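> Compute the structure for the input listed below.
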Amino acid sequence: MRKNVFHIAFVFFIFLSVWVNAQSTIGTERPTTSTSSFTISKNTFQFEQGFVFWNDTTALDGLFRVAVSQRAEIRLFTSYGSNSTYLGAKVNLWEQKGYKPGISLQGSLGNELSLQNFRVSWSQKITEKLGSTFNIGKGDIFYVVAALGYSIGDKASVFVEGVYDDKVQQFNAGGTFLLNSETQIDLSGALLSTDQYFVALGISRRFLYKSTNN
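Now for the predicted structure:
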């Protein structure tokens, strides 16, 4: 029964995901599983730290992003508990402008520089407050991710999200809040078709590492 619910949720959200607003403020990939087509602003460094409470276990992870151009960034993801680290890159091929969609490519390398994950992200504005992104990718197996995001004023947003692959289906929901233009906090939770769940907290911070006047 629960598996059927996840299938229905996935179909409903297949074309929908979180829309990240213009880069005048920090734009993150927390706390969603989906990733938007956006890359971080030129001349910036950003960290996105997560705290996950999974049954009786607490897991910590961090994503570190450095812009190398207006449309490309280098990424380092680390899971502190498992001591696993992945080096990757993200390139924005088509920038989202107005109601025109944005598309990006993203890949990460694991041990011995082998390709561990690759995905394509499609972001689409629906209304001034509503937006979407659709992801398709391959890690160990192929997967798709989709969600719906809604902005509440200038500082807060909420989302719902579906994740599907041949092993597990997942339904996520949560929200973000801007403490200021450079700092975001988030809260989210997830239910899995394996009858597991988790709750996650996160904080993200953006830093300018080079004067825009240079």
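> quick one: secondary structure of the residue nearest the centre of the chain?
With distances taken as CA atoms, centre = their mean, the chain has Glu29 as the residue nearest its mean C-alpha position (3.1 Å). Classification of Glu29 using DSSP: H, G, I helix; E, B strand; the rest coil returns coil.
> quick one, what contacts it?
By CB atoms under 8 Å, 6 or more residues apart in numbering, the residues touching Glu29 are 35-36, 48, 63. For every residue, glycine as well, the C-beta is placed using N, CA and C.
> Please name the residues that touch Asn117.
Applying CB under 8 Å, 6+ apart to Asn117 gives the contacts 86, 88, 106-108, 137-139.
> Tell me which helix or strand it sits in.
Asn117 belongs to strand 115-125 when elements are defined using DSSP states H and E.
> So for that strand, mean pLDDT?
Mean pLDDT, strand 115-125: 95.
> and the angle from the next helix or strand after that strand to strand 115-125?
Using DSSP H and E, the helix or strand that directly follows strand 115-125 along the chain is strand 130-138. When axes from the mean of the first three to the mean of the last three CA atoms, to 10 degrees is applied, the directions of strand 130-138 and strand 115-125 differ by 160 degrees.
> returning to what we had before: the strand holding Asn117: partners in the sheet, and parallel or antiparallel?
Applying DSSP bridges, strand 115-125 is found paired with strand 102-109 (antiparallel), strand 130-138 (antiparallel).
> Format those as TSV; extra columns: mean neighbour count.
TSV is the format used below for the strands paired with strand 115-125 (neighbours: other CB atoms under 10 Å):
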stretch	mean neighbour count
strand 102-109	19
strand 130-138	20
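> Kindly reformat those strands as a markdown table containing mean pLDDT and distance to Thr57.
Compiled in a markdown table, the strands paired with strand 115-125 are given as follows (pLDDT from 0 to 100; distance: least, CB to CB, whole Å):
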| stretch | mean pLDDT | distance to Thr57 |
| --- | --- | --- |
| strand 102-109 | 96 | 24 |
| strand 130-138 | 97 | 26 |
